[in-house]
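Enquirer: sequence and predicted structure are below.
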2 protein chains.
Amino acid sequence: MTSEQVRAYMVGLGQQARAASRVIARAPTAVKNKALLATADALLAAADTLVAANARDLQAARERGLDAAMVDRLAVTPAGIQAMVEGLRQVAALPDPVGAIQDMKFLPSGIQVGKMRVPLGVIGIIYESRPNVTVEAASLCLKSGNACILRGGSESIHSNQAIAACIAQGLAAAGLPDEVVQVVETTDREAVGALITLPEYVDVIVPRGGKGLIERISQDARVPVIKHLDGICHVYVDDRADLDKATAIALNAKTHRYGVCNAMETLLLHESVAAECLQRLAPLFAEKGVELRGCPKTLALLPQAVPASDDDWQTEYLAPILAIRIVADMDAAIEHINTYSSQHTDAMVSEDFTRARRFLAEVDSSSVMINASTRFADGFEYGLGAEIGISTDKIHARGPVGLEGLTSEKYVVFGDGHIRQ
Amino acid sequence: MTSEQVRAYMVGLGQQARAASRVIARAPTAVKNKALLATADALLAAADTLVAANARDLQAARERGLDAAMVDRLAVTPAGIQAMVEGLRQVAALPDPVGAIQDMKFLPSGIQVGKMRVPLGVIGIIYESRPNVTVEAASLCLKSGNACILRGGSESIHSNQAIAACIAQGLAAAGLPDEVVQVVETTDREAVGALITLPEYVDVIVPRGGKGLIERISQDARVPVIKHLDGICHVYVDDRADLDKATAIALNAKTHRYGVCNAMETLLLHESVAAECLQRLAPLFAEKGVELRGCPKTLALLPQAVPASDDDWQTEYLAPILAIRIVADMDAAIEHINTYSSQHTDAMVSEDFTRARRFLAEVDSSSVMINASTRFADGFEYGLGAEIGISTDKIHARGPVGLEGLTSEKYVVFGDGHIRQ
């Protein structure tokens, strides 16, 4: 397709999504749930077709020499289909956020004013290889009353089309139009450029993928973007910490999983407990094969550590590497965090009530924790029941974004013929 | 200044604002209120200086041939200063939104999770001639714990600088740094271009002014913008309306004030009550000098009306002109509104409960009203106590934006040494 044809195709998807968004916005909860459960049934019934479509993608990926990890992410197995089905059933079981009215109150003029939770409208999701995102993103948009346009990776195009056919069956079973969920059919890269520059048809973009992808999208978008950049998460161990808790939390935050955005990347230690902390933690990290990189004070206590450079304070390792810095007090820790943190998740270990209040107020991150592992920063752990991503933005939604993050609130006003004096 | 110098100057303001934002974010309510009240005192004490500085702006405006309405908006009178002082005292009296924690609950893992309301950080406000906006915007940003960079119109530069000096006195009296509120000192237009492209220092832009200004800013911004475009507001009179209420509301919505964004621009009439509505309303509008423009069915009932073109449905008149369209039923009215409305404020007059529920759910505007005048769409009327603007965006804030719209929520997590299993 020429670039005008791609744009025209995307405008067409946008117009259809806008029209469909009006239908899904007012669909009753039972209808939306029926579509979700019927999609689950369709996926189960089409398992062989899905695996066959996926085999074409896997074949192409191997021919193009994609690495084993990427091929692995691309695979759709019977167990993977079962997980998609479970996910759909869980989303169907979640409360419907749409239409909730809160804070309804009478004002001096006699009118009654409140806020009603409403869908955003049309959501564009741009993601990379995993085909399960197609089901997950579609289900969250649908349940929250939004139409969506899904643009997956070109390497998973056949898998995504096969999944899209199941979603279309689910929508049809509930009497909803196909265009509530549209999967972009072209692998042309210009489709992304078009999707992010159609504010008349698309209300928000949620990119999911590597930082490079998200930065490019944010740079060029003319539509608001709910984005997740780095996860440079900190744990600060205060001199009033319970060191058993500190040890458990630091170990968990770093080693529970390495390649995740809520893993700790930098450990900050109060100077008066640094020696004991390092004495306890160093052998535990060594056992797990975690490389330790330290500031000069850390190196004085732990000569086997690698010297940390300024770059280490601003690196998301996503790997068994940990930067360690010894600080004079909580103020210095907060200063370090507010300088280097990606404003994702930062934790303090301390038994001190007043310091806990200050740490909570002064650390400007989307999740701020006291005596808990950063690994808890997750929509499921927070009880949202689902997660479309974790926002490191400051407006609209911070932290894990569930169904509510895909909605907004409008004002509703009731009167009895009231006019303004 | 060269454009590099302007940019360097704005980067300097941005860096200072970022540093100051950390101080104001954690300032206690009493300290913020002290700054607001001390600013009020400083404005009163400096009344002569303010009027003198304003005289320079007025002189320049007259020399440049600005029209009388613009010169009028620019004027700072003793009564105007008194209004600024009252505004500051009202903002000081408002509850502080910052730090409120809500929905704190225990999760199955044993952690406790809630949301804390926090400032956005640094807010850039770009506005046109009225110097009182300098005080108003600064007071709302300060109370909500944000640092701000204010860029007023070049025609009010001397007035704004004099006001800025009073704000600086107020901040100093409360022991807060000057840089919490910075007024851009250059009138160079490139300052705006720099302000809206510094996401590392500015968290959100709130433009206040004409549609042209706001569209340009939204087009070029690399920072999220909370914006207000048109106010094309509708009143739909249903066949189940109480026509006394309908008459009062239509008259009030159109004629209470013409040049405001929440004035009605299009009246939609159910065909079975159109004749009676027009019979009642036409003489009332004629008395006020309102020009009526109608669809063919309207013209059949009201031959003296001007024929309306498709343009009329999408025009914000801000003038004594009203477009009238006769529709078959509520569905046609909703369809018209969702097609032509600017998603600002739309009202239905009807006694029908079920239709009211549907109108509220299906009209996708920031304020949706039943049996009340669109003129109520206002932060003060809604009980927000203040208003920085009315958002026609869908994410973050819809409708009148008060102190809460200048904040966000972060997650707070409490544990007792909890780790993720």
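Expert: Cool, got the structure. Numbers count the residues shown, from 1 in each chain, chains lettered A, B, ... in the order given.

Enquirer: show me which residues of the helix or strand hosting residue A:57 are buried.
Expert: Taking DSSP states H and E as the criterion, residue A:57 maps to helix A:47-63. Using 16 or more other CB atoms under 10 Å in any protein chain shown as the test for burial, helix A:47-63 gives A:47, A:50, A:51, A:53, A:54, A:57, A:58, A:60, A:61. Where you see a C-beta, it was placed from the backbone N, CA and C, and this is true even at glycine.

Enquirer: which one of those residues is nearest to residue B:250?
Expert: Distance to residue B:250, by CB to CB, is smallest for residue A:50 among the buried residues of helix A:47-63, at 56.8 Å.

Enquirer: quick one: that closest one and residue A:164 touch, right?
Expert: No - using CB atoms under 8 Å, residue A:50 is not in contact with residue A:164; the gap is 10.9 Å.

Enquirer: show me the domain layout of chain A.
Expert: According to automatic domain parsing, chain A is divided into the following domains: A:3-227+A:401-413, A:233-376.

Enquirer: need the distance between the two termini of the shortest one.
Expert: Meaning domain A:233-376. The separation between the terminal residues of domain A:233-376, taken as CA to CA, to the nearest Å, is 12 Å.

Enquirer: averaged pLDDT, it. What do you get?
Expert: Domain A:233-376 comes out with an average pLDDT of 97.

Enquirer: one more: the longest one?
Expert: Along domain A:3-227+A:401-413, the predicted confidence averages to a pLDDT of 95.

Enquirer: quick revisit: in a markdown table, list the domains of chain A along with distance to chain B.
Expert: Converted to a markdown table, the domains of chain A look like this (distance: least, CB to the nearest CB, whole Å):
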| stretch | distance to chain B |
| --- | --- |
| domain A:3-227+A:401-413 | 4 |
| domain A:233-376 | 3 |
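
Enquirer: before we move on, the earlier item: let me know the closest of the buried residues of helix A:47-63 to residue A:384.
Expert: residue A:50 (27.6 Å).

Enquirer: which residue comes closest to that closest one once chain neighbours are left out?
Expert: Distances taken as CB to CB, 6 or more residues apart in numbering or on different chains put residue A:162 closest to residue A:50, at 5.0 Å, once the chain neighbours are dropped.

Enquirer: now do the contacts for the nearest residue to residue A:210 once chain neighbours are set aside.
Expert: Counting by CB to CB, 6+ apart, the nearest residue to residue A:210 once its immediate chain neighbours are dropped is residue A:128, at 7.0 Å. By CB atoms under 8 Å, 6 or more residues apart in numbering or on different chains, the residues touching residue A:128 are A:152, A:153, A:208, A:209, A:210, A:213.

Enquirer: now the helices for the stretch 151-300 of chain A?
Expert: A:157-173, A:190-195, A:211-220, A:243-255, A:271-288, A:296-301 (DSSP state H, counting those that start in this stretch).

Enquirer: what does the stretch 301-421 of chain A give?
Expert: So, for the stretch 301-421 of chain A - with DSSP H, counting those that start in this stretch - the helices run A:310-313, A:330-340, A:353-362.

Enquirer: try the stretch 1-150 of chain A
Expert: With helices called from DSSP H, counting those that start in this stretch, the stretch 1-150 of chain A shows them at A:3-25, A:29-45, A:47-63, A:68-74, A:78-93, A:132-143.

Enquirer: which stretch among the ones you listed is buried most, on average?
Expert: Most buried of the helices of the stretch 1-150 of chain A by mean neighbour count (mean count of other CB atoms under 10 Å in any protein chain shown) is helix A:132-143; its value is a mean of 26.

Enquirer: quick check, distance from that one to the centre of its chain.
Expert: Relative to its chain's centre, helix A:132-143 lies at 13 Å (CA atoms, centre = their mean, to the nearest Å).

Enquirer: neighbouring contacts of that helix?
Expert: Helix A:132-143 is touched from outside by A:24, A:32-33, A:35-36, A:39, A:43, A:76, A:80, A:83-84, A:87-88, A:91-92, A:94, A:96, A:123, A:125, A:127, A:147-148, A:150, A:152, A:159-160, A:163-164, A:167, A:180-181, A:183, A:206, A:208, A:386, A:388, A:402-403, A:406, with contacts defined as CB under 8 Å, 6+ apart.

Enquirer: between that helix and helix A:157-173, how many degrees?
Expert: Put simply, helix A:132-143 runs at 30 degrees to helix A:157-173, going by axes from the mean of the first three to the mean of the last three CA atoms, to 10 degrees.

Enquirer: what angle separates helix A:132-143 from helix A:78-93?
Expert: Orientation check (the same axes, to 10 degrees): helix A:132-143 against helix A:78-93 gives 10 degrees.

Enquirer: the helices of the stretch 301-421 of chain A: which one's closest to residue A:280?
Expert: Of all those, helix A:330-340 sits nearest to residue A:280, with 18.9 Å by CB to CB.

Enquirer: and the angle for the closest one with helix B:3-25?
Expert: Here helix A:330-340 points in a direction 140 degrees away from that of helix B:3-25 (the same axes, to 10 degrees).

Enquirer: give the other helices and strands that helix A:330-340 contacts.
Expert: The contact analysis (3 or more CB pairs under 8 Å, 6 or more residues apart in numbering or on different chains; DSSP states H and E) places helix A:330-340 against strand A:233-237, strand A:264-270, helix A:310-313, strand A:321-327, strand A:345-349, helix A:353-362.
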